[in-house]
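**Q** kindly return the folded structure for what I paste below:
(chains A and B)
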Amino acid sequence: MYNHKDLLGLRGLMKDDILSILDNARLMKKRVENPSLRSPSLERHSAVTLFYECSTRTRMSFTMAAEYLGMRINDLGVSASSVQKGERLIDTGKTLDAMGVSVMIMRHNLTGAAHLLAKHVRAAVINGGDGCNEHPTQALLDMFTIAEKKGGFDGLKVAIIGDIIHSRVARSNAFGLSALGARVFLAGPPTLISRHFERLGPSVTVTDSVNEAVRDADVIMGLRVQLERQKAAAFPDLREYARFYGITAEILEMAKPGALIMHPAPVNRGVEMTSEVIDHDRSVINEQVTNGVAVRMAVLEMLGARG
Amino acid sequence: MSMLIKNGLVIDPTNKIEAVMDVLVENGVIAAVDGHIEPSGGHEIIDASGMWIVPGLIDMHVHFREPGQEYKETIKTGAEAAARGGFTAVCCMANTVPPIDNEFLVEYIKSKARDVPIHILQAGSATRGMEGTWLSNIGMMAEAGISAISEDGKTVADAGLFRAALKYAAGFNLPVLCHCEDMKLAGAGSMNAGNAAALLGLGGIPAIAEELIIARDIMLAEDTGCRLHIQHVSTANGIRIIKEAKARGVNVTCEATPHHFTLCDADIKDYDTNFKMSPPLRGRADMEAIKQALADGTVDCIASDHAPHSADDKNVEFSSAANGISGLETALPLALTELYHTGIISSARLVELMSANPARILGFAGGSLAVGKAADITIINPDAEYKIDVCSFRSKGKNSPFDCRPVKGRAERTIRAGKTIYRENVC
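**A** Prediction:
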């Protein structure tokens, strides 16, 4: 049973912590798919989303998840709030706490912001992405999707391709998948990977060879190329990125037959993946979205009920 | 494509050979190297008595000015100058107009290179347009066949960007060749900062402008694991920094030019712009340090930095003049005269410096006379005495500080893939 106040990251979580969330998500998925099964189990609780970095799908996914649980959920509207008047994060958190909020869901451009907030509020804090650190619910929905399709994690080879050093998705997956017994291969341009990332887990391998990562993989996960990272001189242009690090039908051939194709979306079509791959019958990119709501319902229920 | 070269002193340090032997070439390939090979008819017989038979020389640093400045040199005229200088392969720098920063431009160079007698290797720029702000298409150019990355002509000032270029190039297994010069430290100088500049009243470029970047680039190479090659090192301290790095195990090599081991700043007279180059001619102690480093192994190769210019580029005030000398046709004679005949280096070391090592650094399949290799061969007459005459240059660039200089030794015949691409009158 998940027994923590907050969900800040997957680093340090036990295998059972993660599995209990995934088990709960399995029940929640039925409620996502079938409205007649939904029950307002959290109707007495409220949640707030604080998005210091823009997001549409993660925020919407949390909002839908809360609503399916009967929760009252409001968005702080960071851009129009007292944050713009220079309010410190801790003070914002304490104000919301004083209003009786049960769950705070935050995305922040700075690493560790969720941890800082969690330390100063009674409410449960869910990290919706902090800086270059973690995005635990994304990794949980990825793992949920993998479990659904592959039945388990032992010995699975998961290739994560792209901008590794700036990706909180890659990091959370590396922590979580390692804990569950999968082998994780992280690959990308030499400027966007780091050998130090092998320390993320006991079975994490870092390589600049997409082929090595994809060979005999059970799961291939693309990451969004963030054009704003280009300022950091990571690669010449999208054309060259697609040529050497894009996932094509040809690359896919090297993976195991039946390998899953995943992406946290939105996808830059023709850059990190070709349309052929995105729309492939093994692509589960749209199912990931459904599973995202289920996983977030599970997390909200487990944390919200404690408040 | 078949020939029998007889009675020459075969010098092939890669295969540890230095003996009077015959070399048989068949179908453009070295078929045999032996003490005595019987002519079997159908072969052209070349008497190389008194000559050296060495693997085709390789100049890993030339500017052929194409595309964009064909009035200074073309790939064709540059290749002819190279063949006359004894070179069967050269590596062209990327600072053409426009600079070579994507694979389409590499294909353009390859289309021109098909019709010339020597191997044209190409360097791609590190940054787009050589503007120092954005990475070039390093991967695409690697796939199109470039041999190295080089921003030659300048330094990528942004250390963060340059570190990314080194990492990225290493990912494509390309060496990075560095022109080391801090532009802020070089300032508006036009010759080495020192007594000579003081006497002439010219602004000086301090040695530290070069040494600081040599040190920076070595540290970045160590950090990224990229293969680094320092171009045209010109100062004693630069040599010391490289020597220390090599001793520490850093993957760094370097080159020196004939003008930096033959001339020093005191030789600059009458504001003769043929003596203007980058890096500038340094002090006498620097020149001596370079000679010593060529002998002791710190310097890995001799590269000409062949930089042809038109008369109009040079017939201007010293500080306004273009940098560089037309070097392909004087590199070998100067190496023989200044280094070999003076006893500073052996003949085998000369071949290492001018063929085996550049091949190794560029990953080029030349630099040795092993049986089965393409017959790229230079026949050298080490004893021919004459005076350099820029009018005889095949290069369009007649800009040389060595006009009328007496030298001893030259390429008598240059052979690429078994075909004679240049021959002097005698051999």
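**Q** what sits against residue 246?
**A** Picking chain A for this. For A:G246, the contacting residues are A:270-274, by C-beta atoms under 8 Å, 6 or more residues apart in numbering or on different chains. All C-beta atoms are positioned from the backbone trio N, CA, C, and that covers glycine.
**Q** please refer instead to chain B.
**A** Going by C-beta under 8 Å, 6+ apart, the list of residues near B:K246 reads B:252, B:298.
**Q** at which residues are the helices of chain B located?
**A** B:75-85, B:103-113, B:138-144, B:159-171, B:183-186, B:195-200, B:207-224, B:236-248, B:258-262, B:284-296, B:311-314, B:331-334, B:347-351, B:357-362 (DSSP state H).
**Q** just the stretch 201-307 of chain A next, same as before
**A** In the stretch 201-307 of chain A, the segments counted as helices under DSSP state H, counting those that start in this stretch are A:210-214, A:238-245, A:249-252, A:275-278, A:285-304.
**Q** quick revisit: with respect to chain B, which of the contacts of A:G246 is nearest?
**A** Out of the contacts of A:G246, the one with the shortest distance to chain B is A:V271. That distance is 14.4 Å, counting by C-beta to the nearest C-beta.
**Q** in this structure that closest one contacts A:A242, no?
**A** Yes: at 5.2 Å, A:V271 and A:A242 qualify as touching, with contact defined as C-beta atoms under 8 Å.
**Q** can you redo the contacts of A:G246 as a markdown table with neighbour count?
**A** Listed next are those as a markdown table, based on neighbours: other C-beta atoms under 10 Å in any protein chain shown:
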| residue | neighbour count |
| --- | --- |
| A:G270 | 16 |
| A:V271 | 19 |
| A:E272 | 24 |
| A:M273 | 28 |
| A:T274 | 19 |
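**Q** A:G70 is nearest to which of the helices of chain B?
**A** Relative to A:G70, the nearest member of the helices of chain B by C-beta to C-beta is helix B:159-171, separated by 50.2 Å.
**Q** name the helices or strands packed onto the closest one?
**A** Helices and strands in packing contact with helix B:159-171 are listed as helix B:138-144, strand B:176-178, helix B:207-224; criterion 3 or more C-beta pairs under 8 Å, 6 or more residues apart in numbering or on different chains; DSSP states H and E.
**Q** can you tell me the average pLDDT over stretch B:160-174?
**A** Within the predicted structure, the mean pLDDT of stretch B:160-174 is 97.
**Q** out of the helices of the stretch 201-307 of chain A, which one sits most buried?
**A** Using mean count of other C-beta atoms under 10 Å in any protein chain shown, the stretch among these with the largest mean neighbour count is helix A:285-304, at a mean of 24.
**Q** reformat the helices and strands packed on helix B:159-171 as CSV; add mean neighbour count and distance to B:R405.
**A** Conversion of those to CSV gives the following (neighbours: other C-beta atoms under 10 Å in any protein chain shown; distance: least, C-beta to C-beta, whole Å):
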stretch, mean neighbour count, distance to B:R405
helix B:138-144, 23, 38
strand B:176-178, 28, 28
helix B:207-224, 21, 26
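**Q** whatever residue of chain B ends up closest to chain A: neighbour count?
**A** With C-beta to the nearest C-beta, the shortest gap between chain B and chain A falls at B:G171, namely 3.6 Å. Taking other C-beta atoms under 10 Å in any protein chain shown as the criterion, the count of residues near B:G171 is 23.
**Q** dump the residue contacts of it.
**A** Under the criterion of C-beta under 8 Å, 6+ apart, the contact list for B:G171 reads A:189-190, A:208, B:139.
**Q** strands along the stretch 151-300 of chain A, start to end?
**A** Listed in chain order, the strands found in the stretch 151-300 of chain A under DSSP state E, counting those that start in this stretch are A:157-161, A:183-187, A:204-207, A:219-222, A:260-262.
**Q** would you put the C-alpha positions of the first one in PDB?
**A** The C-alpha atoms that make up strand A:157-161 are tabulated as PDB, following Å, rounded to 0.1, in the frame of the first residue of the first chain:
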ATOM      1  CA  LYS A 157      14.100  -4.200 -22.400                       C
ATOM      2  CA  VAL A 158      12.800  -0.600 -22.600                       C
ATOM      3  CA  ALA A 159      14.600   1.800 -25.000                       C
ATOM      4  CA  ILE A 160      14.100   5.500 -24.300                       C
ATOM      5  CA  ILE A 161      15.300   7.700 -27.100                       C
END
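**Q** among the contacts of A:G246, which one lies nearest to A:A179?
**A** Set against A:A179, the nearest of the contacts of A:G246 by C-beta to C-beta is A:E272 (26.0 Å).
**Q** which intervals of the chain have sub-threshold pLDDT?
**A** Since you didn't name a chain, this refers to chain A. In the prediction, chain A carries residues with pLDDT under 70 at positions A:80, A:228-232, A:307.
**Q** wrong one, chain B
**A** B:1, B:426-427.
**Q** please parse chain A into its domains.
**A** A:15-134+A:289-304, A:136-284 (automatic domain parsing).
**Q** spatially nearest residue to B:L336 (excluding sequence neighbours)?
**A** B:G409 (3.2 Å; C-beta to C-beta, 6 or more residues apart in numbering or on different chains).
**Q** next: B:L166.
**A** B:C226 (3.9 Å).
**Q** which ones are touching that neighbour?
**A** B:166-167, B:169-170, B:175-176, B:220, B:251.
**Q** could I get the phi/psi values of it?
**A** Backbone geometry at B:C226, expressed as degrees, to the nearest 10, gives phi -80, psi 150.
**Q** ok, it to A:H166 distance?
**A** Computed as C-beta to C-beta, to the nearest Å, the B:C226 to A:H166 distance reads 22 Å.
**Q** so how do I select the buried members of the contacts of B:G171 in PyMOL?
**A** This is how PyMOL selects the buried members of the contacts of B:G171, with burial counted by 16 or more other C-beta atoms under 10 Å in any protein chain shown:
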select buried, (chain A and resi 189+190+208) or (chain B and resi 139)
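**Q** of the contacts of B:G171, closest to B:E70?
**A** Set against B:E70, the nearest of the contacts of B:G171 by C-beta to C-beta is B:G139 (28.9 Å).
**Q** chain B is nearest to which of the helices of the stretch 201-307 of chain A?
**A** Among the helices of the stretch 201-307 of chain A, helix A:238-245 comes nearest to chain B, with 5.0 Å by C-beta to the nearest C-beta.
**Q** angle of that closest one against helix B:159-171?
**A** Between the axes of helix A:238-245 and helix B:159-171, defined by axes from the mean of the first three to the mean of the last three C-alpha atoms, to 10 degrees, the angle is 40 degrees.
**Q** show me what helix A:238-245 is in contact with.
**A** Where contact means C-beta under 8 Å, 6+ apart, the residues beyond helix A:238-245 that reach it are A:161-162, A:187-189, A:210, A:225, A:227, A:235, A:268, A:270-272, B:137-140, B:143.
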